[in-house]
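# Quick one, what's the 3D model for this:
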Amino acid sequence: MRYESALKNYLDTMSCIEYATVKVREEGKAEGKAEGEFEAKVSIAKSMKDKGLDNKIIVECTGLSVEQIDALQES
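The predicted structure follows:
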């Protein structure tokens with residue numbers, strides 16, 4: 001009976017660890033994807049800015065804010 005109880009506790013613990021590991025991976029992938037998408041938008045906005053396009057057009061095409069686009073000039 002003690003063995004079964006200990007085994008159940010062990011399996012429960014391992015299940016919790018596995019669940020937490022999967023959740024962390026999923027969150028990491030989502031954050032990485034969002035960061036990559038933002039970097040791509042910034043790269044496109046820089047290119048558009050270098051070509052002399054108006055900020056309004058850049059906002060429409062990239063979804064970045066005017067403040068973010070203006071900050072590109074500073075960096």
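# Beyond whichever helix or strand Ile44 is part of, next helix or strand please.
Secondary structure assigned from DSSP states H and E places Ile44 in helix 2-50. Note on helix 2-50: by DSSP H and E, the next helix or strand toward the C-terminus is helix 55-62.
# Check which residues of that following helix are buried.
For helix 55-62, burial by neighbour count (16 or more other CB atoms under 10 Å) applies to 55, 58, 62. The C-beta positions use only the backbone N, C-alpha and C, and glycine is treated the same way.
# same thing with stretch 4-22?
Buried-residue list, stretch 4-22, by 16+ other CB under 10 Å: empty.
# could you dump it to PDB, C-alpha only?
Taking Å, rounded to 0.1, in the frame of the first residue of the first chain, the C-alpha atoms of stretch 4-22 are listed here in PDB:
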ATOM      1  CA  GLU A   4       1.300   2.300  -4.400                       C
ATOM      2  CA  SER A   5       0.900   5.600  -2.600                       C
ATOM      3  CA  ALA A   6       4.500   6.600  -3.200                       C
ATOM      4  CA  LEU A   7       4.200   5.600  -6.900                       C
ATOM      5  CA  LYS A   8       1.100   7.700  -7.200                       C
ATOM      6  CA  ASN A   9       2.800  10.700  -5.700                       C
ATOM      7  CA  TYR A  10       5.800  10.200  -8.000                       C
ATOM      8  CA  LEU A  11       3.600   9.900 -11.100                       C
ATOM      9  CA  ASP A  12       1.600  12.900 -10.100                       C
ATOM     10  CA  THR A  13       4.800  14.900  -9.600                       C
ATOM     11  CA  MET A  14       6.200  13.800 -12.900                       C
ATOM     12  CA  SER A  15       2.900  14.700 -14.600                       C
ATOM     13  CA  CYS A  16       3.000  18.200 -13.100                       C
ATOM     14  CA  ILE A  17       6.600  18.700 -14.200                       C
ATOM     15  CA  GLU A  18       5.800  17.500 -17.800                       C
ATOM     16  CA  TYR A  19       2.800  19.900 -18.000                       C
ATOM     17  CA  ALA A  20       4.800  22.800 -16.800                       C
ATOM     18  CA  THR A  21       7.600  22.000 -19.300                       C
ATOM     19  CA  VAL A  22       5.100  21.900 -22.100                       C
END
